[in-house]
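A.B. asks: here's my sequence, what's the structure:
(chains A, B and C)
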Amino acid sequence: MAKYDNFLMDCWYVAAWDHELIDGKLLARTILEEPVLLYKGDSGKVVALDNRCCHRGAKLSNGRREGDCVRCMYHGLKFDATGKCIQIPGQDNVPPKMGVKSYPVVERDHLIWIWMGDVAKADVAKIIDIPYLRDPAWRGMADYMHYDADYRLIVDNLSDFAHLAFVHTHTLGGSEEYAFKTKPVAVERLENGFRVERWSMNSGPPPFHRKVVRNDAPLDRRNIGLMHVPGIFFLETLFTLAGSGAEQGNLEGARQYRNCQFFTPETRSSTHFFWNYLHDYQLDDPTVALSLHDSMVAGFLEDKFIIEGQQEVLDADPDFKMHGIVSDAPLAHFRRVLQMRIDEERAARATVHPAAQMAAAA
Amino acid sequence: MAKYDNFLMDCWYVAAWDHELIDGKLLARTILEEPVLLYKGDSGKVVALDNRCCHRGAKLSNGRREGDCVRCMYHGLKFDATGKCIQIPGQDNVPPKMGVKSYPVVERDHLIWIWMGDVAKADVAKIIDIPYLRDPAWRGMADYMHYDADYRLIVDNLSDFAHLAFVHTHTLGGSEEYAFKTKPVAVERLENGFRVERWSMNSGPPPFHRKVVRNDAPLDRRNIGLMHVPGIFFLETLFTLAGSGAEQGNLEGARQYRNCQFFTPETRSSTHFFWNYLHDYQLDDPTVALSLHDSMVAGFLEDKFIIEGQQEVLDADPDFKMHGIVSDAPLAHFRRVLQMRIDEERAARATVHPAAQMAAAA
Amino acid sequence: MAKYDNFLMDCWYVAAWDHELIDGKLLARTILEEPVLLYKGDSGKVVALDNRCCHRGAKLSNGRREGDCVRCMYHGLKFDATGKCIQIPGQDNVPPKMGVKSYPVVERDHLIWIWMGDVAKADVAKIIDIPYLRDPAWRGMADYMHYDADYRLIVDNLSDFAHLAFVHTHTLGGSEEYAFKTKPVAVERLENGFRVERWSMNSGPPPFHRKVVRNDAPLDRRNIGLMHVPGIFFLETLFTLAGSGAEQGNLEGARQYRNCQFFTPETRSSTHFFWNYLHDYQLDDPTVALSLHDSMVAGFLEDKFIIEGQQEVLDADPDFKMHGIVSDAPLAHFRRVLQMRIDEERAARATVHPAAQMAAAA
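C.D. replies: Below you'll find the model as predicted:
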């Protein structure tokens, strides 16, 4: 089974938060099973290169950054920001084709985006715009978590509101009864994912929100979830005092959240998870973001425990068959959309490069 | 190599001691390479289910027991003691075939027995009766040990008295000279194993016994070993003062032991080992059982060290060829009997379900 | 891929330093993927046997040495120094063919040499002579290091002076400028390796030497490197005060080193590294050898870090292609010579034992 069966190649993935590169360090990160070196050069330009020196395969991340270039510290070969080898100590000429692969990267709204697929298709306009990450009206704390699980199991989890009541009863969710009282809301099927909107009227604040507002007054709550291929998720949450007319458009006194989540496959069975949970009130109080951050981490660890368990089950028996339930509708739609895109890519690759495709499938 | 080449399927295996389930906890235990969930319901009934929720493969052992049922704590699906799914939150109807596999289990004499093979053949009458475990005339301390080794290497070890002198000189055995002075005793070949009886007259007490009786007087000793497929071993031991006529039937002042051992494959190369070493004297003194328990653990760890070393040798070179010696007779007979039973099962399976057999062998 | 594609079989490898066996202990060491038991018998004879009892595969290294023999402590089988089984407890006769494989071993100049290939070709005259290890005019500290890397990556490293400036700037090397100022010296291609000689005039002492001599005066330095198949390396180093005429043969006041390194494959991706760094001055001051030893360890750990990183790269992508640079000349020659010898062996093996060869390639 080739990685092309599991990953969408021609799309932008989050490779890092900008603050991970702020000190100019050489960051090694495996992305879609490729070893990638990431760094920010002296000019401020972000560079992404194959992390293997083309000479003897030494890791460039064990090397030294020089300006916007990197030097392998095995034999001193120096590579520029495009991956071209520009110096070989003890040798006057550098063969023109000597170099390592470079990947298109874009720094935008504190995220480093990388394109792992066909370079000719790397259109910057395809990067999803996330205004909250740059808007001073929102405050959050960007963070990272590593999963030992297929990214699709995590995307499943987010495509699915049914698990909140059971997995996150005491953190993000609320009461278990919620799961029994409510029906899954209609999913808006989009070409590249789905949208779900759901109102929940006159219920107590969920634990993460209550901790911050210190008030048990019943609230009206609106959640809008948006999931995009290959694994980008936004959850817009709005709370108003119950009965204040939010459903009719009165947002006075509303408190809102923007949950931004980005999943990037490391390997077929491990995932980089970048996230930020932003809020739009009490922006001068840093403890709000800290409290929300901690609540999210607690909730994510609940998911991680379940999902890494699923991965163990699938590792032990790759033939394990799953059986759908009604609330799987968004998840099932998303899996279909994602697989269709992956299949299209594979078909196109087979047409253009049949031999390469066969080799990749080997 | 399919697991059906290594395991006897249609027989009862020990899955747990009853005390492991006493608090109603959800116990995950891999048995014959299948992930099994074990628990005792509120009614006292013991339940064994496939440990993977049929919905998305989450581990049911990470769920919650509710009476005799278990609820998956991912999306809240509830399963009864037969594995049938009886509730899906947010969904009015449960498809009739929704559920997980259940395994026949029987609690008897403090052991939980499980049947991993063809359910139609799960005859409770086939469970071996072990009166000592329920008889108040015997006292012991049930325990468990995990082996990183093929269960057959451990069974080999127990089928073989020749190792006592070398492996257990200072624990269970005695002097090395014993190995040179004695000849292997005749083995009674049984259809499902073997029986060995051996007397040793007028020799010092072995260390484990001397620790308890605090007396170096020479003893007459009778050992009767019984080995049953797939890996159940009993050793009956009797000590009397040397020359007191035990061989002629005078058992006055005799002290006896019953060593009950049960081996259940976890995987092809790891094993669950359940054991109890019972004694029939000084029953009101708890230190006797504690001392014997500790002596056995010391001895078993000596075996474990050797046997896990063998497993490393076989893992490194699966083609390693063993060469028999005379004292292998019981071991060799037992391996033959066991393999014959395994081959019979495979042949029967091939006749009934040729396609399933081929898939299993893949 | 069989191990015969990676290892030269018919040659002497270093199996141990003599001091490792001094107390008569049973040393288990995997060599060329074979489990070997090494020990020095009471007679002083060094013995190398297959470390697996021919009976049930128990490790003989878990056994007990008896004189020049070893007894398996599972069932007590005893083997003499040739591997012949000479006693089976409880059995009057030992089958004449019962035994374990033995390997030719030679103790010479503090090294234990072993021959893993065709015994008929094990000519002691083929062992490389290393007079420094026995000559009282040289003092050092023999040591051992384990590498998680293919031995050929380590041999590459030693075949290559270009890495000194970058990997060992602050330990064994000196300034990075050296790499830019000098050209790789011509390599003398030998049938079984290569020889490199290089003078460096009027430069500061490298860190390891400066620490010992405590003097920054510029020096003239001569390095002569000798590499032999399968992985034996000598580096002769000479320092004199700059301008004292060493190149013209005046060695008055010279200080010399002999770096003796021996690489023995443990597996395809791990290596035993035996080494000694000897010096010829201040022989009555033990701190010189200690300081040099510590400098070497520091330098070797720098190599190990880089090389084990290469191994990770190759493990992740066995198809990774390396690209040569000019300074690879010695390395490339050595790889060619080594592979030629390996190919010759394989061809000869195929002629003599075509079936065995096919089995080995399986």
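
A.B. asks: host element of residue A:263?
C.D. replies: strand A:255-267 (DSSP states H and E).

A.B. asks: how much space between residue A:248 and residue A:93?
C.D. replies: Separation of residue A:248 from residue A:93 (CB to CB, to the nearest Å): 74 Å. Placement of C-beta: from N, CA and C, glycine included.

A.B. asks: please apply the same query to residue A:35.
C.D. replies: From residue A:35 to residue A:93 the distance is 28 Å (CB to CB).

A.B. asks: so for these two, which sits in the more crowded spot?
C.D. replies: residue A:35 (21 against 8; other CB atoms under 10 Å in any protein chain shown).

A.B. asks: per-residue pLDDT, the spatially most central residue of chain A?
C.D. replies: Centroid-nearest residue in chain A: residue A:262, 1.5 Å away (criterion: CA atoms, centre = their mean). Note for residue A:262: predicted pLDDT of 97.

A.B. asks: ok, residue A:181 next?
C.D. replies: On the pLDDT scale, residue A:181 gets 68.

A.B. asks: now residue A:149
C.D. replies: pLDDT, read off for residue A:149, is 97.

A.B. asks: if I look at it, how far off is chain C?
C.D. replies: Residue A:149 sits 20 Å away from chain C, going by CB to the nearest CB, to the nearest Å.

A.B. asks: any idea how many residues pack against the closest residue to that residue other than its chain neighbours?
C.D. replies: Excluding the flanking residues, the one nearest residue A:149 by CB to CB, 6 or more residues apart in numbering or on different chains is residue A:311, at 4.1 Å. The tally of other residues near residue A:311 (other CB under 10 Å) stands at 19.

A.B. asks: what about the strands in the stretch 51-200 of chain A?
C.D. replies: A:64-66, A:69-71, A:78-79, A:85-87, A:105-108, A:111-115, A:143-147, A:187-190, A:193-203 (DSSP state E, counting those that start in this stretch).

A.B. asks: Throw the ones you listed into CSV and include mean neighbour count and distance to chain B, thanks.
C.D. replies: Formatted as CSV, the strands of the stretch 51-200 of chain A follow (neighbours: other CB atoms under 10 Å in any protein chain shown; distance: least, CB to the nearest CB, whole Å):
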stretch, mean neighbour count, distance to chain B
strand A:64-66, 15, 41
strand A:69-71, 23, 40
strand A:78-79, 23, 41
strand A:85-87, 17, 42
strand A:105-108, 17, 34
strand A:111-115, 24, 30
strand A:143-147, 16, 15
strand A:187-190, 16, 13
strand A:193-203, 16, 12
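
A.B. asks: would you turn these into CSV with distance to residue A:296?
C.D. replies: Formatted as CSV, these follow (distance: least, CB to CB, whole Å):
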stretch, distance to residue A:296
strand A:64-66, 33
strand A:69-71, 35
strand A:78-79, 38
strand A:85-87, 43
strand A:105-108, 23
strand A:111-115, 18
strand A:143-147, 8
strand A:187-190, 24
strand A:193-203, 19
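
A.B. asks: so which of those strands gets nearest chain C?
C.D. replies: strand A:69-71 (7.9 Å; CB to the nearest CB).

A.B. asks: give me the helices and strands touching that closest one, please.
C.D. replies: Judged by 3 or more CB pairs under 8 Å, 6 or more residues apart in numbering or on different chains; DSSP states H and E, strand A:69-71 is in contact with strand A:64-66, strand A:78-79.

A.B. asks: can you give me the distance of residue A:284 to chain C?
C.D. replies: Distance from residue A:284 to chain C, by CB to the nearest CB: 46 Å.

A.B. asks: over to residue A:206?
C.D. replies: In terms of CB to the nearest CB, residue A:206 sits 43 Å off from chain C.

A.B. asks: how many other residues sit next to that residue?
C.D. replies: Counted with other CB under 10 Å, residue A:206 comes out at 25.

A.B. asks: so it touches residue A:173, yeah?
C.D. replies: Yes. Using CB atoms under 8 Å, residue A:206 is in contact with residue A:173, at 6.4 Å.

A.B. asks: show residues contacting stretch A:302-317.
C.D. replies: The contact list for stretch A:302-317, computed with CB atoms under 8 Å, 6 or more residues apart in numbering or on different chains, reads A:145, A:147-150, A:153-154, A:157, A:163, A:167-168, A:171, A:269, A:320, B:33, B:35, B:52, B:56-59, B:62, B:73-74.
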